[in-house]
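> here's my sequence, what's the structure:
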Amino acid sequence: MAIPGPFSWTNTLTLTPTPFTSAQLTKLRGAVQGFDQMGVALVDIGNTTNMAYALNFTKTAFAASLPKIVAMYAAFYLQDRLKAIKPFLGAASLAQIEAKLRQEWGPAIKATVPRRAGDFPDITAIFASTNFDFKASFKKDLNGMMKKSDNWAAGSCIHRIGYDYINGALIHGGFYSTTDKSGFWLAGDYIPDDHKSNREGARIPGMGTSQAASAKAAALLLVNLARDELISAEASQGMKDVMSEAYSWVRYQMERTHPEATVYGKLGLMKGKHGSTHDCAIVKHNNAHYVVIALFGGYIDLEPLFIELDIIAQQLFSVRKILELGLSLFSVRG
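Numbering: from 1, shown residues only. Presented below is the predicted three-dimensional model:
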């Protein structure tokens, strides 16, 4: 009996954002320097519609630690996939499963990923048993990578999942386009280049960074997560647990502005001469529920930008509620 392939879930959402209005742009430009160069997305989370604004939606570039989010995504993707194919694995041990899958999945991964590192998920180091619960050590690193943005924990997670599986899950899932070379791509482990444990992946030809993101890819990933549809409801909840209380300027600002807010975020920060600032989050409070992405800022304070974006998000939320009320009244009368 053939074992199903390494990838199954894929994004089915389509986001069609409109440009920010002139009045909105004036305020957003006033909030941060260099706004016009940033990749920004703001998406209202609705049950059937996702009203959105965006700027430089598909621009893809270095995003510091923010792409650690895709290592988390790939970990839960792998877990979900193994649980789904468990009936095909019989009574095999984890070591036997890994050996078998290297043989069975290798060609599919090779066909999916245009540039490969030649690695493979270390299943015996990731999972505690053939029920495919994460090992305590892996879960600790997963939490460290996401909650504290710890670079050593990130490297440990990335090495165990493998670059080829991470980028294969991104391509199959719809978060990287091989056609226009845009979206998330991960080929760096965040461990210093001069350290003996550093192990880089394979960059896409023409891409100048090993830690790439776009506002579009990040928005699609987080909108799916906000709707509990990123891979599966169980996987979505697991990812939210890992992202709770994570370092995020969005979270810090929203918790001050809206004490009742729930925020799942992930920041990226690069200091120095060529420093940059990035953040992404799901935000939910009494007057809004949205995804916000802000990439490619200079080494600047993004919190004033999130205040302005939150005001716009509240307006979108109000418009959606009015539309939903109108539709419900129309349905009752019909």
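
> every contact and neighbour count from this point should use C-alpha atoms.
OK.

> helices along the stretch 151-300 of the chain, start to end?
Under the criterion DSSP state H, counting those that start in this stretch, the stretch 151-300 of the chain contains helices at 151-161, 163-173, 215-226, 233-243, 249-257.

> in this structure, where is pLDDT below threshold?
Low-confidence segments of the chain, defined by pLDDT under 70, span residues 1, 205, 272-274, 325-334.

> who's in contact with the nearest residue to Ile161 once chain neighbours are set aside?
Closest residue in space to Ile161, ignoring its immediate chain neighbours: Pro121 at 4.4 Å, by CA to CA, 6 or more residues apart in numbering. Taking CA atoms under 8 Å, 6 or more residues apart in numbering as the contact definition, Pro121 lies against Glu98, Arg160, Ile161, Gly162, Tyr165.

> which of those has the most neighbours?
Each of those was scored by neighbours using other CA atoms under 10 Å; the highest score is Tyr165's, at 29 neighbours.

> distance of that one from Ala281?
Distance of Tyr165 to Ala281, computed by CA to CA, to the nearest Å: 24 Å.

> show me the contacts for Phe57.
Contacts were defined as CA under 8 Å, 6+ apart; by that measure Phe57 touches Gly39, Val40, Ala41, Ser214, Ala215, Lys216.

> filter these down to the buried ones, PyMOL style.
Buried residues among the contacts of Phe57 (16 or more other CA atoms under 10 Å), as a PyMOL selection:
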select buried, resi 39+40+41+214+215+216
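
> just the closest of the contacts of Phe57 to Glu324, please.
Using CA to CA, Ala41 is the member of the contacts of Phe57 that lies nearest Glu324, at 22.7 Å.

> sec struct for that closest one, please.
Reducing the assignment to helix, strand or coil with DSSP: H, G, I helix; E, B strand; the rest coil, the entry for Ala41 is strand.

> can you tell me the closest non-neighbouring residue to it?
The nearest residue in space to Ala41 (CA to CA, 6+ apart) is Ala54, at 4.3 Å.

> hang on, that neighbour in a strand?
Yes - in this structure, Ala54 lies within a strand as judged by three-state DSSP.

> so it sits right up against Thr18, yeah?
Yes - counting by CA atoms under 8 Å, Ala54 sits close enough to Thr18 to count as a contact (6.3 Å).

> more neighbours: which of the two?
Just comparing Ala54 and Thr18: by other CA under 10 Å the higher neighbour count belongs to Ala54, 23 against 13.

> contacts only, for that one.
When contacts are taken as CA under 8 Å, 6+ apart, Ala54 is in contact with Pro17, Thr18, Pro19, Phe20, Gly39, Val40, Ala41, Leu42.

> ignoring the adjacent residues along the chain, who's closest to Arg160?
Setting aside the residues directly before and after it, Arg160 is nearest to Asp122 in space (CA to CA, 6+ apart), at 5.0 Å.

> could you check how far that neighbour is from Asp180?
Plainly put, Asp122 is 31 Å away from Asp180 if you go by CA to CA.

> neighbour count winner among the two?
With neighbours defined as other CA under 10 Å, Asp122 and Asp180 compare such that Asp122 has more, 16 against 9.

> need the contact list for that one.
In this structure, Asp122 makes contact with Glu98, Arg160, Ile161, Gly162, judged by CA under 8 Å, 6+ apart.

> now do the phi/psi pair for it.
With angles defined as degrees, to the nearest 10, Asp122 shows backbone torsions of phi -90, psi 80.

> which single one of the contacts of Ala54 is nearest to Ala187?
Looking across those and measuring by CA to CA, the closest to Ala187 is Gly39, at 20.7 Å.

> residues in contact with that closest one?
With the criterion set at CA under 8 Å, 6+ apart, Gly39 makes contact with Ala54, Leu55, Asn56, Phe57, Thr58, Lys59, Ser214, Ala215, Ile293, Ala294, Leu295, Phe296.
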